[in-house]
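Colleague: Give me a model of this one.
(chains A and B)
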Amino acid sequence: MGDMWTPARGLALMLLVASLGWAQGANPVVEARSVTATDAVHADSVVKLAVLAQVAAGYHINDHKPTLDYLIPTKFAVEPSEQFTVKSVSYPKGTPVKFAFNDGPLSVYEGQVIVGVLLQAGKPLAPGTYTLKAKFSYQACNDHSCLAPTSVPVPLTLKVVPPNVPLKPVESDVFKRIKFE
Amino acid sequence: MDEQTPIDNNTPPESNAPETSPSPENRSSHSSQMLAGAVLAILIVVGLYFVNRYWITPAVRAQSKTDSSHPMAPEISLTDTTGLPLKLSDYKGRVVILDFWATWCGPCRIEIPGFIDLQKRYGTQGLNVIGISMDDSPEPVVDFYKELQMNYPVAVGNSRHGELYGGIPGLPTTFVIGRDGRIYAKHVGATDPNVFESEIKELLAASPQGEVTNFHQVGQIFQEDKLELGDPAVIDSEVPGVDLTKLTAEQKETFKKKLENQQCTCGCKRNLLNCRLNDRNCSTSKQMAKDQLAAFISGKDTGPVSTPAPAPAPPPATKDNKPMIPIATPAPTPNKQN
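Modeller: This next block holds a predicted model:
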């Protein structure tokens, strides 16, 4: 009788595990990419850049200005380069969310996070494609557990064209949502 | 009901009785049937409850946790936040709640008062809570320890300790260890103190000699609760996370040089060996190093080290003296490492 019901037990176990399982696996909790406001850039100009980070469903990452001192803020950093310097990084305002582990709401990022970056392109800058190294650092939690602080690389590819080449806007709807500092 | 309804000869005559104006006998029979149906329904519901409570749930738990013997808790030897040595093996004979946590983790912080309370109430009966903080530095841990007046030892650990315990999928991750030094439960995520209380009561009542064979983990069981410990040979390898036990000392050095000559692609700007040594959590360098080792062993190595990879040492023999993997060419020198 017991053996006959083993498949039922197995099914019950599978259903239990499936219903309780987290979205936490080998996939990263945050994926990020960058986009420039125009299809190319000119030397000696300010370049508008957006970093689009997608936080996995069920997870949140802390606001750049976290509600509590002990929380690790979300940051975006670009490695210094001779050709481009960072003028400013603009973070979105977090969403206040109430979690089981804290009395009051915490300001966090969920879903898509768009960070604005202003880069200053160098004056003597030969046309060509430049790649800058950058990383999006975060510390993610869900409602009942947290993952270690980590970062994802965000390569920034910038195509420099001569000043007489006109620039075309790219993904302007994304840039409308950024308040550049 | 004057119209003739077709009669199924196989149906008992009662079922064809008119539904209106039933006779007193039929009315009584109908009521009896309804009562019997209600009783049957109640019995089914109660039966399902008991089947779930005493049959399915224990079976699910048993399949999750008691299929094999409970593994021995790997040793942890650190210095606690007060400067005293903290060695897990010193607690053998006592029940231990081993809590991996961090000060930056909200769900971890909310559990701490519960652990303080359990330590207060069950300390004299043989319970010790031990905290292993995964913070990068001791300063915030010391501050938090003082702020909450924690009554149990806390030390700052690192990812190696997490790896010894099979990896820490999320914080908090808490292990419940019996008097015999075996791990009986693993809880990932903030857990109700009543869950720990129930488990430690069972373990406190057990003899320090021998394994508790009928222990059942309480509370929700997540996939991440699965008990799989790390292999110290891999964790403490010269290339962390990569098993070099099949290589001779000479081969290990050649392999490490090969990794030194290759750039890690995770964005760390380090060579592969340094990335492995400095960032044990980097999955990119881990996989790259494993792939390199596989190529090195198979002889298909075309990496930056120009000298051909020597043949690997014979792998450890199995009980029937058969090698665990096929070896084309025997190694020139026997492996005396490890």
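Colleague: Report how many residues lie close to the residue nearest to B:W104 when sequence neighbours are not counted.
Modeller: Among residues not flanking B:W104 along the chain, A:I72 sits closest, at 5.0 Å (Cβ to Cβ, 6 or more residues apart in numbering or on different chains). Every residue, glycine included, has its C-beta placed from N, CA and C. Neighbour count for A:I72, taken as other Cβ atoms under 10 Å in any protein chain shown: 20.
Colleague: I'd say A:I72 and A:H64 touch.
Modeller: No - under the criterion of Cβ atoms under 8 Å, A:I72 lies out of contact with A:H64, with a separation of 10.6 Å.
Colleague: ok, B:L98 to B:S77 distance?
Modeller: 13 Å (Cβ to Cβ, to the nearest Å).
Colleague: repeat for A:Y130
Modeller: 49 Å.
Colleague: swap in A:P73?
Modeller: When A:P73 is compared with B:S77 (using Cβ to Cβ), they lie 34 Å apart.
Colleague: Residue numbers of the stretch 101-250 of chain B in contact with chain A?
Modeller: Within the stretch 101-250 of chain B, the positions adjacent to chain A are B:102-110, B:134, B:140, B:144, B:159, B:169-173, B:188-190, B:220-224 by Cβ under 8 Å from any Cβ of the partner chain.
Colleague: just checking, which of those residues belong to helices?
Modeller: Using DSSP state H, the subset of these located in helices is B:G106, B:P107, B:C108, B:R109, B:I110, B:P140, B:F144, B:S159.
Colleague: quick one, what contacts the residue nearest to A:S172 when sequence neighbours are not counted?
Modeller: Spatially, and ignoring its direct neighbours in sequence, A:S172 is nearest to A:A37 (7.5 Å; Cβ to Cβ, 6+ apart). A:A37 sits next to A:V47, A:K48, A:L49, A:A50, A:P169, A:V170, A:E171, A:S172, A:F175 when contact means Cβ atoms under 8 Å, 6 or more residues apart in numbering or on different chains.
Colleague: For A:A37, what are phi and psi?
Modeller: Per-residue torsions, A:A37: phi -70, psi -20 (degrees, to the nearest 10).
Colleague: And the pLDDT for the nearest residue to B:G267 once chain neighbours are set aside?
Modeller: Spatial nearest neighbour of B:G267, chain neighbours left out: A:P153 (3.5 Å); criterion: Cβ to Cβ, 6+ apart. As predicted, A:P153 sits at a pLDDT of 93.
Colleague: tell me, how many neighbours does residue 138 end up with?
Modeller: As the question left the chain open, I've gone with chain A. A:Y138, neighbours per other Cβ under 10 Å, totals 27.
Colleague: wait, I meant chain B there
Modeller: 16.
Colleague: Would you point out which residue is most central in chain A?
Modeller: For chain A, A:A53 is the residue whose C-alpha lies nearest the centre (Cα atoms, centre = their mean; 2.6 Å).
Colleague: beta partners of that residue?
Modeller: Bridge pairing for A:A53 (DSSP bridges) gives the partners A:A32, A:V113.
Colleague: where along chain A do the strands fall?
Modeller: For chain A, the strands defined by DSSP state E cover A:30-36, A:46-55, A:60-62, A:75-78, A:84-90, A:95-97, A:106-109, A:112-121, A:128-132, A:134-138, A:140-141, A:150-153, A:156-160.
Colleague: Hmm, B:F100 is touching B:P169, no?
Modeller: No - here B:F100 does not reach B:P169: they are 10.3 Å apart, not a contact under Cβ under 8 Å.
Colleague: So if I had to pick from those two, which one is more boxed in?
Modeller: A side-by-side neighbour count of B:F100 and B:P169, using other Cβ under 10 Å, places B:F100 first with 23 against 20.
Colleague: Tell me if that one really is in a strand.
Modeller: Yes - looking at B:F100 with DSSP: H, G, I helix; E, B strand; the rest coil, it is inside a strand.
Colleague: what residue ranges in the chain score low on pLDDT?
Modeller: In the absence of a named chain, chain A is used. Residue ranges of chain A with pLDDT under 70: A:1-27.
Colleague: wait, chain B
Modeller: For chain B (pLDDT under 70), the answer is B:1-31, B:34, B:38, B:41-42, B:44-68, B:301-338.
Colleague: can you map out the helices along it?
Modeller: In chain B, the helices defined using DSSP H lie at B:24-51, B:57-65, B:106-122, B:139-147, B:159-164, B:193-204, B:232-235, B:249-260, B:272-278, B:283-298.
Colleague: What is the end-to-end distance of stretch B:70-83?
Modeller: In stretch B:70-83, first residue to last residue: 32 Å (Cα to Cα, to the nearest Å).
Colleague: And the helices of chain B: which comes nearest A:K98?
Modeller: In terms of Cβ to Cβ, the element of the helices of chain B nearest to A:K98 is helix B:106-122, at 11.7 Å.
Colleague: buried stuff in the closest one?
Modeller: B:106-112, B:114-116, B:118-119, B:122 (16 or more other Cβ atoms under 10 Å in any protein chain shown).
Colleague: Would you agree A:V89 is in contact with A:A134?
Modeller: No - contact criterion Cβ under 8 Å: A:V89 and A:A134 do not qualify, at 10.0 Å.
Colleague: The two - which one has more neighbours?
Modeller: Set A:V89 next to A:A134 and count neighbours by other Cβ under 10 Å: A:A134 wins out with 24 against 19.
Colleague: hey, what's that one bridged with?
Modeller: With DSSP bridges as the criterion, A:A134 is bridged to A:V78.
Colleague: Name all residues that make contact with it.
Modeller: A:S34, A:V51, A:F76, A:A77, A:V78, A:E79, A:P153, A:V154, A:P155, A:L156.
Colleague: The third one touches A:S88, doesn't it?
Modeller: No - distance between A:F76 and A:S88: 11.0 Å, which falls outside the contact criterion (Cβ under 8 Å).
Colleague: who touches both of these two?
Modeller: Taking Cβ under 8 Å, 6+ apart as the criterion, A:F76 and A:S88 both touch A:V117.
Colleague: Give me the more crowded residue out of these two.
Modeller: A:F76 (25 against 12).
Colleague: Quick check: the gap between the more buried one and A:T85.
Modeller: To A:T85, A:F76 is 15 Å away according to Cβ to Cβ.
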